[in-house]
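Asks: Next comes the sequence, and after it the predicted model I'd like to discuss.
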Amino acid sequence: MPQNVSLCVPSPSVSVVDFMWRPLLLMLLWPSPVMTSSPSTVAMWRHGDSNAAMQAANNGCYYSESLDRGLTVRCSAMGLTQVPPGLPNRTVRLYLDNNQLSSLPADSFSALSLLSVLDLSHNQLSLLEAGCFNGLSPSLRFLDISSNRLSTLDPAALGGLRAHANLTHNPWHCDCKLQVSMPQLDLDPSSLAEVVCQTSDLHGLGAVGMPFVLLAEDWDLCLSLRRTTDVAMLVTMFLWFSMVISYLVYYVRHNQEDARRHMEYLKSLPSRQV
């Protein structure tokens, strides 16, 4: 038994031309599902920040804007070898995790005066240059540099930074620099046991493999540095006194020689007869 087949036939009230052009008009007028820029990038264009919007569209990071117009910038897992240039100064949260960053040069984030969260975890960071966090000390509240290749933490790199920090899973060399830098950061108590000394200046004392917080409680890692400084100061003072004494000896001997010659000269003069 034949089945009923319904055919799509234009309504008599609609012309054939209209019937053919309507789908095409719908395709042209319907918004494209593909967006080359995030909504916040469009917002930056709307607010006149064209340079930031252009760089935002080009660096491939994802931008989202909060109600207070602060930006969250996600550049995770993009294979970056350096901090993307031209980040908007309205950036409040910046995620650079799971990239290939090996170092942070000075002033890497100096234009981001509102930045409060910085995630640098799971990179290859082995060097934090002095001043790399310049400009962040008033605003930064959380810093994640876990799972990198950091062995030392120079106080000059922190630049007065005080933030809640995650330093776990790095091959730390426990020395005086680390002991001076640690108190500047607010470390999560639950993660302190995972900040472990892979090497240390305290040889033969079982420091390797020990959590830094336990090592710092029992030992002054700056003591050896202070001893070295004291010895250098003593040697310098000894050399200085030696030079002064040598000069005094030379001065006295030189005056004695002059006095002897003067006396011999006086004796050689003919005596006056009265």
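Replies: Here it is on my side, so go on.
Asks: Just read off the phi/psi values of L143.
Replies: Taking degrees, to the nearest 10, you get phi -130, psi 120 for the backbone angles of L143.
Asks: who's in contact with it?
Replies: Applying CB atoms under 8 Å, 6 or more residues apart in numbering, one finds that L143 lies in contact with 118, 120, 161, 163-166, 185. Where you see a C-beta, it was placed from the backbone N, CA and C, and this is true even at glycine.
Asks: at 7 Å instead, please
Replies: With contacts defined as CB atoms under 7 Å, 6 or more residues apart in numbering, L143 is in contact with 118, 163, 165.
Asks: same check, this time on W172
Replies: Under the criterion of CB under 7 Å, 6+ apart, the contact list for W172 reads 151, 178, 195-198, 212.
Asks: which parts of the helix or strand that K177 is a member of are buried?
Replies: Taking DSSP states H and E as the definition, one finds K177 inside helix 176-181. For helix 176-181, the neighbour count (16 or more other CB atoms under 10 Å) marks 176-179, 181 as buried.
Asks: which among those residues gets closest to N255?
Replies: C176 (49.8 Å; CB to CB).
Asks: ok, and the closest non-adjacent residue to the closest one?
Replies: C222 (3.9 Å; CB to CB, 6 or more residues apart in numbering).
Asks: T72 too?
Replies: For T72, ignoring the flanking residues on the chain, the nearest one in space by CB to CB, 6+ apart is R93 at 4.3 Å.
Asks: Would you mind naming the residues that bridge with the one you found?
Replies: Legend: beta-bridge partners of R93 under DSSP bridges are T72, V117.
Asks: For it, give me the pLDDT.
Replies: pLDDT, the model's per-residue confidence, is 97 for R93.
Asks: give me phi/psi at the closest residue to A165 other than its chain neighbours?
Replies: When the adjacent residues along the chain are set aside, A165 lies closest to L185, with 4.2 Å between them (CB to CB, 6+ apart). Dihedral pair for L185: phi -110, psi 150, per degrees, to the nearest 10.
Asks: and A56, what pLDDT?
Replies: pLDDT for A56: 50.
Asks: What of M237?
Replies: What the model reports as pLDDT for M237 is 68.
Asks: what's stretch 117-136 in contact with?
Replies: Among residues not part of stretch 117-136, those counted as contacts by CB under 7 Å, 6+ apart are 93-110, 113, 115, 140-150, 154, 156-159, 161.
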